[in-house]
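Peer 1: here's a sequence, model it:
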Amino acid sequence: MNQNVGIICEGGGTKAAYTSGVLKALLDHDIKLPYSVGISAGAENLLPYVSRQPYRLEVTGIEAGTQKDAVGIRPLFKEGGIFGLNAVFQFLEKKTPLDYDTFYKSRTRLDIGLYNIEKGTVEYYSKEYLDKDQTLVKASCALLLLTKPYKYLGGLYMDAGLIDMIPIEQSIRQGNTKHIFISTKEEGYVRKPAPGWQICLAKMKYRKYPHVARDLKLRHVRYKEQWDKVEELESKGQALVLRPSEDHGITRYTQDPDKLRGWFQLGYDDTIARLDTIKEFIK
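Peer 2: Numbers count the residues shown, from 1 in each chain. I've put the predicted structure just below:
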């Protein structure tokens, strides 16, 4: 296998069940790439890929986000945000604990992106920074305005998707010459500008850090730039995009386990259908 191949995972809330299905199909067919990078739910999904735990991928994609404390009013009161990240990770660790020994020894490197609220920059941390509390990944999943940010290594952090929705540049910086991008977005998806009320709310909530609202205002522009980069690399044979072949109406807030199971299965089936292409690409 080419040792300069990176796998890239974007976020998407419970929509990342598709990513779980893709990664499980890769593991089931012994496709273990040497490098991976993820932000938000993409980072959460990459933990069991790196630790070689296919079952944890199923639980992450289908069950974790459907728990009563995962999304809605209950986590708002318990954790101060719409998404109950602590509840989700506690559920995962109870049902299918992360195999830390395999995780750290795995030959697959992993970078996780965080947005530094105080500096207005994206920072990437390797898997060696993950502790048993998994604060690194929780901070990566802390969505702007929907989840409380996390204190980590002396800073204040949240989801890096405010700037790096597709961490393609990080994969390039790490020396990879080929990139497999797993998208949770269907063909034809276009990110719209953030509505005015969101920008106003960000200005109010983070008035000490005006760059937060500015980055939110530019988010759709940067997303297009990152997709353009992926498509440029794809045209040169240096990128392969895996994305949903159907629209199941799944959103980042979907909690119906039957719908998420179907979405997970679509990710698995789409990957199986392109196995020969994937194997040829990573040679």
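
Peer 1: any idea how far apart the tips of stretch 179-198 sit?
Peer 2: Stretch 179-198 has its terminal residues 33 Å apart, counting by CA to CA, to the nearest Å.

Peer 1: give me the buried positions along it.
Peer 2: His179, Ile180, Phe181, Ile182, Ser183, Thr184, Lys185, Glu186, Ala194, Gln198 (16 or more other CB atoms under 10 Å). C-beta here means a position set from N, CA and C on the backbone, and glycine is covered the same way.

Peer 1: stretch 106-124 now?
Peer 2: 106, 108-117, 120, 122-124.

Peer 1: chain neighbours aside, what residue packs nearest to Gln238?
Peer 2: Nearest-residue entry for Gln238: Lys178, 5.6 Å, with adjacent residues in sequence omitted and distances by CB to CB, 6 or more residues apart in numbering.

Peer 1: how far away is the one you found from Ile172?
Peer 2: Distance of Lys178 to Ile172, computed by CB to CB, to the nearest Å: 11 Å.

Peer 1: quick one: low-confidence residue ranges for this protein.
Peer 2: By pLDDT under 70, the low-scoring segments of the chain are 1-2.

Peer 1: go through it and flag its longest helix.
Peer 2: Scanning the chain for the longest helix, with DSSP state H as the assignment, gives helix 211-235.

Peer 1: between Lys178 and Ile172, who's got more neighbours?
Peer 2: Neighbours per residue, other CB atoms under 10 Å: of Lys178 and Ile172, the larger number sits with Lys178, 19 against 15.

Peer 1: bridge partners for the more buried one, pull those for me.
Peer 2: Beta-bridge partners of Lys178, counted by DSSP bridges, are Val5.

Peer 1: residues contacting the residue nearest to Gln238?
Peer 2: Asn2, Asn4, Val5, Gly6, Gln238, Ala239, Leu240, Phe281, Ile282 (CB atoms under 8 Å, 6 or more residues apart in numbering).

Peer 1: what does Leu275 give?
Peer 2: Ala25, His29.

Peer 1: mind pulling up the phi and psi values for Thr251?
Peer 2: Taking degrees, to the nearest 10, you get phi -120, psi 180 for the backbone angles of Thr251.

Peer 1: so Lys229 touches Ile168, yeah?
Peer 2: Yes - Lys229 lies in contact with Ile168 (CB atoms under 8 Å); the separation is 5.3 Å.

Peer 1: neighbour count for these two, which is higher?
Peer 2: Set Lys229 next to Ile168 and count neighbours by other CB under 10 Å: Ile168 wins out with 25 against 17.

Peer 1: so the more buried one makes contact with Tyr223?
Peer 2: No - using CB under 8 Å, Ile168 is not in contact with Tyr223, being 11.3 Å away.

Peer 1: now the helices for the stretch 1-150 of the chain?
Peer 2: 17-28, 41-50, 54-58, 73-79, 85-95, 100-105, 135-140 (DSSP state H, counting those that start in this stretch).

Peer 1: okay, these in JSON lines with mean neighbour count next?
Peer 2: Output for those, formatted as JSON lines (neighbours: other CB atoms under 10 Å):
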{"stretch": "helix 17-28", "mean neighbour count": "27"}
{"stretch": "helix 41-50", "mean neighbour count": "29"}
{"stretch": "helix 54-58", "mean neighbour count": "20"}
{"stretch": "helix 73-79", "mean neighbour count": "14"}
{"stretch": "helix 85-95", "mean neighbour count": "18"}
{"stretch": "helix 100-105", "mean neighbour count": "13"}
{"stretch": "helix 135-140", "mean neighbour count": "23"}
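
Peer 1: out of those helices, nearest to Lys259?
Peer 2: Among the helices of the stretch 1-150 of the chain, the nearest to Lys259 by CB to CB is helix 17-28 (8.8 Å).
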